[in-house]
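**Q** how would this look folded up:
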Amino acid sequence: MTLYRVENFESACQKIIEIYEFQGKGHSVGLHSNEEKRSLKMGLKLPACRVIVNQPHCLATGGSFSNGMPFSLSMGCGTWGRNSISENLNYQHFLNIVRVVHPITPIEPSEEEIFGEFWKKFGR
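**A** Residues are numbered from 1 along each chain as shown. Below is the predicted model:
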């Protein structure tokens, strides 16, 4: 096991990104914390498909009755890891699912509805 020391949470996230750039992105990251916002920040900031919170990382990534992820020995790393899936591989990935689609009345949002909040915050 390698241990890295950093000054704060933001520095830890930056160190993880540096490690991913060298080692490979996408698989997972573990966090032991009582601060709920940290796991959300990691999920939004880091190129990892799983944020394993307050669980033994080596066991939780493969699924568990106590975390809701499907049991698997193969975990997708998403496009970060050049995979086609970003979840735990399970039987559903081997099913051929047929979707029969018919025309519907289109519901097309305006650009303002899609980007309005973004434009207000960052400009057009």
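
**Q** how many neighbours does the residue nearest to Val29 when sequence neighbours are not counted have?
**A** Nearest non-adjacent residue to Val29, counting by Cβ to Cβ, 6 or more residues apart in numbering: Ala48, 4.3 Å away. (C-beta placed from N, C-alpha, C; glycine too.) Neighbours of Ala48 under the rule other Cβ atoms under 10 Å: 23.

**Q** for the one 10 residues further on, same thing?
**A** Neighbourhood size, Cys58 [other Cβ under 10 Å]: 9.

**Q** does it sit in a helix or strand, and which one?
**A** helix 57-60 (DSSP states H and E).

**Q** following that helix, which helix or strand comes up?
**A** With elements assigned by DSSP H and E, the helix or strand that comes after helix 57-60 is helix 111-122.

**Q** would you mind measuring from the closest residue to Cys77 other than its chain neighbours to Ser11?
**A** Once flanking residues are discounted, Cys77 sits nearest to Gly26: 2.8 Å by Cβ to Cβ, 6+ apart. As judged by Cβ to Cβ, to the nearest Å, Gly26 and Ser11 stand 22 Å apart.

**Q** give me the mean pLDDT for stretch 78-97.
**A** Averaged across stretch 78-97, pLDDT comes to 90.

**Q** and it, C-alpha only, in PDB?
**A** The C-alpha coordinates for stretch 78-97 follow below in PDB (Å, rounded to 0.1, in the frame of the first residue of the first chain):
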ATOM      1  CA  GLY A  78     -16.300   4.200 -18.800                       C
ATOM      2  CA  THR A  79     -14.800   6.100 -21.600                       C
ATOM      3  CA  TRP A  80     -12.100   7.400 -19.100                       C
ATOM      4  CA  GLY A  81     -10.700   3.800 -19.200                       C
ATOM      5  CA  ARG A  82     -11.700   3.100 -22.800                       C
ATOM      6  CA  ASN A  83     -14.500   0.800 -21.800                       C
ATOM      7  CA  SER A  84     -18.000   0.700 -23.200                       C
ATOM      8  CA  ILE A  85     -19.700   0.600 -19.800                       C
ATOM      9  CA  SER A  86     -19.200   2.500 -16.500                       C
ATOM     10  CA  GLU A  87     -20.900   0.100 -14.200                       C
ATOM     11  CA  ASN A  88     -20.400  -3.400 -12.900                       C
ATOM     12  CA  LEU A  89     -20.700  -5.900 -15.600                       C
ATOM     13  CA  ASN A  90     -23.700  -8.200 -15.000                       C
ATOM     14  CA  TYR A  91     -26.100 -10.400 -16.800                       C
ATOM     15  CA  GLN A  92     -28.100  -7.500 -18.200                       C
ATOM     16  CA  HIS A  93     -25.100  -6.600 -20.400                       C
ATOM     17  CA  PHE A  94     -25.500  -9.900 -22.200                       C
ATOM     18  CA  LEU A  95     -29.200  -9.600 -23.000                       C
ATOM     19  CA  ASN A  96     -30.500  -8.400 -26.400                       C
ATOM     20  CA  ILE A  97     -33.200  -5.900 -25.600                       C
END
